[in-house]
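1. The following block contains a protein sequence and its predicted model.
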Amino acid sequence: MSDVERYIESRKKRSPKFAEQFESGYEIFEFSLMLRRAREKAGITQETIAKRLRTKKSAISRIENHSEDIRLSTLGKYAKALGKRLRVELTD
């Protein structure tokens, strides 16, 4: 375990609020990373996605870097621009 991981675990134990906020923020980070990796794997630039969605590259950057507030319809269009489908799932 790295020093950073030890620090995070220590903070989580001391502060339930920190633990909750960290987990929520980390999930958002992972989701953003998933979007970017899917685009890169498809060999598509942010500019190409923007053209397909009739928007600006900066809007695609916001989607990939701040995905905590994206409408499902936007995610569906993003997925379609990658040649993919969006599937939403509830888990425990």
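-> Noted; the coordinates are in hand. Numbering: from 1, shown residues only.
2. what about the closest residue to residue 61 other than its chain neighbours, how many neighbours?
-> Of all residues not flanking residue 61 in the chain, residue 46 sits nearest, at 6.1 Å (C-beta to C-beta, 6 or more residues apart in numbering). The way it works is simple: take the backbone N, C-alpha and C, and place the C-beta from them, glycine included. When neighbours are counted by other C-beta atoms under 10 Å, residue 46 registers 18.
3. residues in contact with residue 46?
-> By C-beta atoms under 8 Å, 6 or more residues apart in numbering, the contact list for residue 46 reads 39, 57, 60-61, 64.
4. where do the helices sit along the protein?
-> 3-14, 16-41, 46-53, 57-65, 72-81 (DSSP state H).
5. Nearest to residue 92, out of these?
-> helix 16-41 (14.5 Å; C-beta to C-beta).
6. Over the closest one, what's the mean pLDDT, rounded is fine.
-> Helix 16-41 carries an average pLDDT of 84.
7. Check which helices and strands that helix sits against.
-> On a contact count with 3 or more C-beta pairs under 8 Å, 6 or more residues apart in numbering; DSSP states H and E, helix 16-41 meets helix 3-14, helix 57-65.
8. Next, the angle helix 72-81 makes with it.
-> Interaxial angle of helix 16-41 relative to helix 72-81 (axes from the mean of the first three to the mean of the last three C-alpha atoms, to 10 degrees): 30 degrees.
9. Please tabulate the helices of the chain in a markdown table, including the columns distance to residue 87.
-> Shown next, in a markdown table, are these (distance: least, C-beta to C-beta, whole Å):
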| stretch | distance to residue 87 |
| --- | --- |
| helix 3-14 | 30 |
| helix 16-41 | 12 |
| helix 46-53 | 19 |
| helix 57-65 | 18 |
| helix 72-81 | 9 |
